[in-house]
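Engineer: My questions concern the predicted model and sequence given below.
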Amino acid sequence: MSKATLSFLWVLVFESIQNLPAMVGMVYGLSSVGISKYVLSMIGMIITAAVIAVTENLKLRGTTLPQEATTVSKTVGYGLLMGVFAWGYIWVSQWGNWKWDLLVGMMLGGVLSGASFSSKSWGTARFWSHTISFSLTASVLLVLLRQAQAATLPEEKILLIIATTAVMPIMIVAIDYGPFLFRKNEP
């Protein structure tokens, strides 16, 4: 296997680990009623933000991608942004349909991506690949979460968590990291 393929798989494994708590929290949160809907979703998002903070530099180690310093304020900010994402989905899930999920997912993914970059990075190729991947992935995520919310059996929920946790990282890594991992600058 080439170095680029190994880097792709390395990043994919970490991306999956990073997103798992959010998926579990969202799937079980959306199946709950009342305040637990928000609490479970937020717990999953906050854990994901913490896991990203701890593993992001390790995920990018050995790749040609730039590594940014992880700070407490960046982690808290990202956790809050993910909370906005969870709230946005809970809001649209109460009245929308899959078409609205696609539209709202594009908007929420774009906002989450844009807010996660420093102003000096706006407009760069990395910024656009990140924003496009987040927007497309968020749209697919919201459609899958709507399916999970409608699931009645625990096995269905577990299967949808697995499907979502598999689909999202593949999309993110292929669109967001792929163009940078497979550059033609390696032997």
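Structural biologist: Here it is on my side, so go on.
Engineer: the longest helix in this structure is where?
Structural biologist: Counting by DSSP state H, the longest helix found in the chain is helix 3-30.
Engineer: Check which helices and strands that helix is in contact with.
Structural biologist: The helices and strands touching helix 3-30, judged by 3 or more C-beta pairs under 8 Å, 6 or more residues apart in numbering; DSSP states H and E, are helix 35-60, helix 72-93, helix 125-150, helix 154-172, helix 178-181. C-beta: built from backbone N, CA, C; applies to glycine.
Engineer: lowest average confidence, helix or strand, in the chain?
Structural biologist: Ranking every helix and strand in the chain by mean pLDDT, DSSP states H and E puts helix 72-93 at the bottom, with a mean of 73.
Engineer: My guess is Ala138 contacts Leu103. True?
Structural biologist: No. The criterion here is C-beta atoms under 8 Å, and Ala138 misses it with Leu103 at 10.6 Å.
Engineer: Number of residues surrounding Tyr38?
Structural biologist: Applying other C-beta atoms under 10 Å, we find 15 residues neighbouring Tyr38.
Engineer: Can you tell me the closest non-neighbouring residue to it?
Structural biologist: Distance criterion C-beta to C-beta, 6 or more residues apart in numbering; nearest residue to Tyr38, sequence neighbours excluded, is Ile90 at 6.6 Å.
Engineer: so the one you found makes contact with Ser32?
Structural biologist: No. The criterion here is C-beta under 8 Å, and Ile90 misses it with Ser32 at 10.4 Å.
Engineer: which one of these two has more residues nearby?
Structural biologist: Counted by other C-beta under 10 Å, Ile90 and Ser32 do not tie: Ile90 has more neighbours, with 18 against 14.
Engineer: Let me see the contact set for that one.
Structural biologist: Residues in contact with Ile90 (C-beta atoms under 8 Å, 6 or more residues apart in numbering) are 29-30, 37-38, 41.
Engineer: swap in Thr48?
Structural biologist: 18-22, 25, 82.
Engineer: Which one of these is nearest to Ile161?
Structural biologist: Taking C-beta to C-beta as the measure, Ile161 lies nearest Leu20 of those, at 8.0 Å.
Engineer: So what's the residue count around the closest residue to the closest one other than its chain neighbours?
Structural biologist: Nearest residue to Leu20, sequence neighbours excluded (C-beta to C-beta, 6+ apart): Thr165, at 5.4 Å. Neighbour count for Thr165, taken as other C-beta under 10 Å: 20.
Engineer: now swap in Ser139 and tell me
Structural biologist: Using other C-beta under 10 Å, Ser139 is surrounded by 21 other residues.
Engineer: neighbour count winner among Ala138 and Leu103?
Structural biologist: Neighbour comparison, Ala138 and Leu103: the larger count goes to Ala138, with 27 against 13 (by other C-beta under 10 Å).
Engineer: For the closest residue to that one other than its chain neighbours, grab phi and psi.
Structural biologist: For Ala138, ignoring the flanking residues on the chain, the nearest one in space by C-beta to C-beta, 6+ apart is Gly109 at 3.0 Å. Here the main-chain torsion angles of Gly109 (degrees, to the nearest 10) amount to phi -60, psi -40.
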